[in-house]
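Q: Pasting the sequence and the predicted model now:
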Amino acid sequence: GAVVSQHPSWVICKSGTSVKIECRSLDFQATTMFWYRQFPKQSLMLMATSNEGSKATYEQGVEKDKFLINHASLTLSTLTVTSAHPEDSSFYICSARDLGGEHYNEQFFGPGTRLTVL
Amino acid sequence: SQQGEEDPQALSIQEGENATMNCSYKTSINNLQWYRQNSGRGLVHLILIRSNEREKHSGRLRVTLDTSKKSSSLLITASRAADTASYFCATEHSSASKIIFGSGTRLSIRP
């Protein structure tokens, strides 16, 4: 139990295009999901907190108009990188907080999505 | 910076030796977790220690937490080549319930 998936696992796109990454909690419900970004040989940096049914909360320095987050249901959050540029190439990881059951209030991480912008 | 600090940044030891990594953080926390990440891969959850706990064991792993010093340590005993990876501490903040990662330690085990 407590599995989080991401789709796609990797994506290559051209500069200027938009890319959508999905984060799903497969066997639990999550009102809150989190998006992280990790550059090579660096740690994970929290980008934003995604709340079901409301606007996301962005960390300082993260452009909300560039990184669009939609948390439309208790099992799905999406991150759209708009007008992607090569500097947006990174490993994007989501996590989801379990609402109840055995893993109440614990967070579980997805396997990550590697984005390469040409 | 939103990150906690870890030291050392890199550690290279002989197989069979023990490895110790330290983590310091800045704010009040609900819990502290340690993760492992192999190059280019996702996170593997190792252990969680709550703010009211001082020490926890899991197999070859031993984690300590000192909330007065806002620090934690991860000890891996009898290291193996397969332990080569990056290790991150991650703190769940009391105020915002978000998880913030430390800067990480790159561990290399020499055969």
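A: Looks like it came in fine. Predicted, not measured: the structure shown is a model, and the values here were computed from it.

Q: Identify the residue spatially nearest to the closest residue to chain B within chain A, adjacent ones excluded.
A: Nearest to chain B in chain A, going by CB to the nearest CB, is residue A:111, at a distance of 4.0 Å. Using the backbone N, CA and C atoms, a C-beta is placed for each residue, glycine as well. Nearest residue to residue A:111 in three dimensions, chain neighbours excluded: residue B:42, at 4.0 Å (CB to CB, 6 or more residues apart in numbering or on different chains).

Q: Residue A:112 is in contact with that neighbour, correct?
A: Yes: checked against CB atoms under 8 Å, the pair residue B:42 and residue A:112 is within contact range at 4.8 Å.

Q: Between the two, tell me which one has more neighbours.
A: When neighbours are counted by other CB atoms under 10 Å in any protein chain shown, residue B:42 and residue A:112 differ, and residue A:112 comes out ahead with 23 against 17.

Q: Phi, psi for the more buried one please.
A: Note on residue A:112: backbone dihedrals following degrees, to the nearest 10 are phi 100, psi 150.

Q: For it, give me the pLDDT.
A: Residue A:112 carries a pLDDT value of 97.

Q: any idea how far it is from residue A:90?
A: 10 Å (CB to CB, to the nearest Å).

Q: Report the set of residues contacting both of the two.
A: When contacts are counted by CB atoms under 8 Å, 6 or more residues apart in numbering or on different chains, residue A:112 and residue A:90 are jointly contacted by residue A:38.

Q: Any idea how many residues pack against residue B:91?
A: 26.

Q: got the residue ranges for the strands in the chain?
A: Unless you meant another one, I'm taking chain A. For chain A, the strands defined by DSSP state E occupy A:4-7, A:10-13, A:19-25, A:32-38, A:44-51, A:57-58, A:67-73, A:76-81, A:90-97, A:107-109, A:113-117.

Q: Please refer instead to chain B.
A: All strands of chain B, identified by DSSP E, fall at B:5-7, B:10-14, B:19-24, B:29-37, B:43-50, B:55-58, B:61-66, B:71-76, B:85-93, B:99-101, B:105-110.

Q: distance between the second one and the chain's centre?
A: In this view, strand B:10-14 has its centroid 15 Å away from the chain centroid, taken as CA atoms, centre = their mean, to the nearest Å.

Q: Equivalent analysis for the third one, please.
A: In this view, strand B:19-24 has its centroid 6 Å away from the chain centroid, taken as CA atoms, centre = their mean.

Q: can you check stretch A:105-118 too?
A: Worked out by CA atoms, centre = their mean, stretch A:105-118 lies 6 Å from the chain centre.

Q: ends of it, how far apart?
A: Start-to-end span of stretch A:105-118 (CA to CA, to the nearest Å) is 39 Å.

Q: buried ones in it?
A: Across stretch A:105-118, burial judged by 16 or more other CB atoms under 10 Å in any protein chain shown covers A:106, A:107, A:108, A:109, A:110, A:112, A:113, A:115, A:117.

Q: which ones are touching residue B:15?
A: B:79, B:80, B:81, B:109, B:110, B:111 are the contacts of residue B:15 under CB under 8 Å, 6+ apart.

Q: So the closest residue to chain A within chain B versus residue A:96, what's the distance?
A: Using CB to the nearest CB, residue B:42 is the residue of chain B that sits closest to chain A, at 4.0 Å. Per CB to CB, residue B:42 is found 14 Å from residue A:96.

Q: which residues are common contacts for the two?
A: Taking CB under 8 Å, 6+ apart as the criterion, residue B:42 and residue A:96 both touch residue A:110.
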